[in-house]
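Enquirer: Got a sequence here, can you build the structure:
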Amino acid sequence: LIKKIFYFPLIEKALAKLNGSYEAIIAGRCCEGLATVTGSPCETLILGRSNNPDDKNVDYDRLWAKLLHSRLQKFLMCAMCSNNLISREEFDKYGLLNIHAYSLQDVKQSKDGRHKLVKLRNPWGGTYRWT
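Expert: Residues are numbered from 1 along each chain as shown. Got it, this is the predicted structure:
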């Protein structure tokens, strides 16, 4: 893939075309779209817990290391918010939408390691620079 070209809108458009409309892909999983359009394998990492008591706790340090590594490898990354246990107000507080996909454009960490930033792009637009 060529550096600095934004692929997610193209992938979204191709997937909508394959499925007949944008409405047909609303709330679709990012990984399914990437795998369908690129033919490449994809990995899904679950960040939060569901209400399933059998779910394992997330190792956030390992997850962060994986995100940093994936960024260095220039992998396409996306994120999805999908949690019915969190209120709309909580999502609004962070400028996010529930049952919605974002392209994950960058990950950065402060020099002291205390602050971790994930840059998301909402395909519908928005005013937040970093989330």
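Enquirer: Phi and psi next, for the spatially most distant residue from the centre of the chain.
Expert: Distance from the C-alpha centroid of the chain peaks at residue 112, with 25.2 Å (CA atoms, centre = their mean). The phi/psi pair for residue 112 (degrees, to the nearest 10) reads phi -80, psi 0.
Enquirer: same deal with residue 120?
Expert: The phi/psi pair for residue 120 (degrees, to the nearest 10) is phi -110, psi 150.
Enquirer: For it, grab the count of nearby residues.
Expert: 21 (other CB atoms under 10 Å). For every residue, glycine as well, the C-beta is placed using N, CA and C.
Enquirer: what's the closest non-adjacent residue to it?
Expert: Counting by CB to CB, 6 or more residues apart in numbering, residue 102 is the residue found nearest to residue 120 once chain neighbours are left out, at 4.0 Å.
Enquirer: contacting residues around the helix or strand where that neighbour lies?
Expert: If you go by DSSP states H and E, residue 102 is part of strand 100-109. Strand 100-109 is contacted from outside by 6, 8, 27-30, 33, 64, 67-68, 71, 76-82, 96, 115-123, using CB atoms under 8 Å, 6 or more residues apart in numbering.
Enquirer: Show me which of the residues you listed are buried.
Expert: 8, 28, 30, 33, 67, 76-81, 96, 118, 120-123 (16 or more other CB atoms under 10 Å).
Enquirer: What distance do you get for the residue farthest from the centre of the chain to residue 106?
Expert: When distance is defined by CB to CB, to the nearest Å, residue 112 is 19 Å away from residue 106.
Enquirer: Just the C-alphas of stretch 33-51, formatted as CSV.
Expert: What follows is stretch 33-51, C-alpha atoms only, in CSV (Å, rounded to 0.1, in the frame of the first residue of the first chain):
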residue,chain,number,x,y,z
GLY,A,33,-14.9,-5.2,5.4
LEU,A,34,-11.1,-5.2,5.3
ALA,A,35,-10.9,-9.0,4.7
THR,A,36,-13.6,-8.9,2.0
VAL,A,37,-12.1,-6.0,0.0
THR,A,38,-8.3,-6.6,0.5
GLY,A,39,-8.3,-10.4,0.6
SER,A,40,-5.8,-10.2,3.5
PRO,A,41,-6.1,-11.8,6.9
CYS,A,42,-7.4,-9.6,9.7
GLU,A,43,-7.2,-9.9,13.4
THR,A,44,-9.9,-8.6,15.9
LEU,A,45,-8.8,-7.5,19.3
ILE,A,46,-11.6,-7.0,21.9
LEU,A,47,-10.9,-4.1,24.2
GLY,A,48,-13.7,-4.1,26.6
ARG,A,49,-15.7,-6.8,28.4
SER,A,50,-19.1,-7.9,27.5
ASN,A,51,-21.7,-9.1,30.0
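Enquirer: No further questions, thank you.
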